[in-house]
Structure formats: structure tokens, C-alpha cells
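> Just need the structure, nothing else, for what follows:
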Amino acid sequence: MRTFVSLVLLVLVCIGMALSLSQIQFGKDRMQVADYYLNNGVADTGSANIVTAVVVNYRALDTLGEVTVLFIASLGLGVFLSWPKKSGSQVETRQELPPASLIVRRGSQFLFPLIMLLGGYIFLHGHLTPGGGFQGGAVIASAFLLMFLGNTKYRLSEKAFAITESLAGMTFVIIGLIGLAVGGYFLNNFLPKGSVYSLFSAGVIPIIYTAIGLKVGAELTGIVANMFGSGGER
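Sure, this is the predicted structure:
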């Protein structure tokens, strides 16, 4: 029975793939969307990075969905890891990690602000160079990961990270709603686009990427903290 069900599912998947491929029409005249992005992306958004223009402007609502999925994953992992595990009648306790060496501790403290600075640079310049909010947020989370590895007693202020994450998410949504009210659709780029290749350009895109970078950084750092059992003040 299991083999029959597997074969049926495989046939359905193959049929779906065949139908999907049959709808794809290749050719130069079928690349209108890509051509529009390449030819008009800079003028429409003011962003020198066309990938950024697509992610944070043309399909910014999808990006909001991706951030929401990451938030749900972070929340679910936090709930799962905080759930007490019982072995018989005794609650299992987490073993303490051995302390790191002096070189590792001092090295992590020295590199932490530099990595944070790099993460901020990546999402602040996402409209100019490769990178953006997700990449910058991941770099910021890696800085806190290094601190956890270098100092087993390191603790975070959960309240501060929760506030940062909430404000970043609210900023994303509020800018989107302002764009809807001003331009007629969610996350309309309503601010002046400035001069291309300058830091203060691309309208709302740098603001959105900053919000995404802070939100992703806070969420990933929360995941790391939960995995290390290093939650701090509430």
C-alpha cells in the first residue's frame, strides 16, 4: 500500500511539473518583465542595485511575508526550546559549557563591534552594493554568536531585542501603509529618489532595508540565544 501511494504521488508530481513546463514560453519576446526591471529599475526606484529594487520595491509585499515566516520560525523555536524536558520524574538540566580560553574571550570582544559595524554597513548600503537587510541581519547575529562562543556567561536583554524587533517590523508596515495612502499601493516608493550611487538615494528602500536588517538580526540572535539557553533580563 505504501508503495502504491508513493507511486501515485510521484506520478502526480511528474504531471504537475510537465504542466508547469508546458506553460513556459521561451524567447526574447517573453522576457518582458526582466527587461522592464533592467531598463527601468534605476529610474523607477533610484536604486543602483536592481536586485534590491526587485526585493524591496517591486515585490516588497513578498519580502514582508518572508520576514513574517522568519519571525514565526524564531517564535516556534523559542517555545520548543523553552519547553521543559522530563526524564521519568526528573527534569533534565542543561549542562554548562566549559569556559573558553583567554584568547578566544578577548578576540570575540575585539571582533564584536567590527562585525556589528560590517552588518550595519551591509544593510545601509544594500541599495548600492550587493547585500541588504537579510545579509546584514545575519552578520549581526553572527557577532552575537561569537560572543556566546567566547563567553559562556554572556547574556542578552530579551526585552531590548523584543523592542528592537517590534519597532523594526512596525516601521516596515507603517512605511508600506503610507505608500498605500500616498501612491495607491502598499510600499509605494514615495520619498525623493535622490542621485543614483549616493547613500541618500532610492527613496524608502534604505529605510526598509534598515528595518529588515534590525528585525532579522534580532530574530536570528534570539534563535541563537535560545539554543545556547542564554536569555537574559525580561
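
> All the strands of this structure, residue numbers only.
Taking DSSP state E, the strands of the chain run over residues 86-87, 90-91.

> Now the weakest link among those, please, by mean pLDDT.
Sorting the strands of the chain by mean pLDDT places strand 90-91 lowest, at a mean of 46.

> Where does the prediction get shaky in this structure?
Applying pLDDT under 70 to the chain picks out residues 1-2, 5, 19-31, 82, 84-97, 230-234.

> how about the residue most central in space within it, what does it touch?
Nearest residue to the geometric centre of the chain (CA atoms, centre = their mean): residue 134, 3.6 Å. By CB atoms under 8 Å, 6 or more residues apart in numbering, residue 134 lies in contact with 212-213, 216. From N, CA and C alone the C-beta is placed, and that goes for glycine too.

> and which of these is nearest to residue 110?
When the contacts of residue 134 are compared for distance to residue 110 (CB to CB), residue 213 wins out at 22.8 Å.

> Pull the number of nearby residues for the residue nearest to residue 109 when sequence neighbours are not counted.
The shortest distance from residue 109 to any non-neighbouring residue, by CB to CB, 6 or more residues apart in numbering, is to residue 150 (7.0 Å). A count of neighbours around residue 150, defined by other CB atoms under 10 Å, yields 21.

> Now do the contacts for residue 150.
100, 104-105, 107-109.

> In ChimeraX, select just the buried ones from those residues.
Selection command for ChimeraX covering only the buried members of the contacts of residue 150, criterion 16 or more other CB atoms under 10 Å:
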select :100,105,108
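
> Of the contacts of residue 150, which belong to helices?
Under the assignment DSSP state H, the contacts of residue 150 contribute 104-105, 107-109 to helices.

> and residue 99, what is it in contact with?
Going by CB under 8 Å, 6+ apart, residue 99 touches residue 152.

> what's the spacing between it and residue 156?
Distance of residue 99 to residue 156, computed by CB to CB, to the nearest Å: 19 Å.

> repeat for residue 110
In terms of CB to CB, residue 110 sits 20 Å off from residue 156.

> Tell me which of these two has more neighbours.
Neighbour count, other CB under 10 Å: between residue 110 and residue 156, residue 156 has more, with 20 against 10.

> got the phi/psi numbers for the more buried one?
phi -110, psi 160 (degrees, to the nearest 10).

> Repeat that for residue 46.
Torsion angles, degrees, to the nearest 10, at residue 46: phi 80, psi 10.

> Would you mind measuring from it to residue 193?
Distance from residue 46 to residue 193, by CB to CB: 3 Å.

> Can you work out which residues contact both of these two?
In contact with both residue 46 and residue 193: 201-203, using CB under 8 Å, 6+ apart.

> Tell me the one of those nearest residue 127?
residue 202 (4.1 Å).

> pretty sure the closest one is touching residue 208, no?
No: shown here, residue 202 and residue 208 do not form a contact pair, counting by CB atoms under 8 Å, at 9.5 Å.
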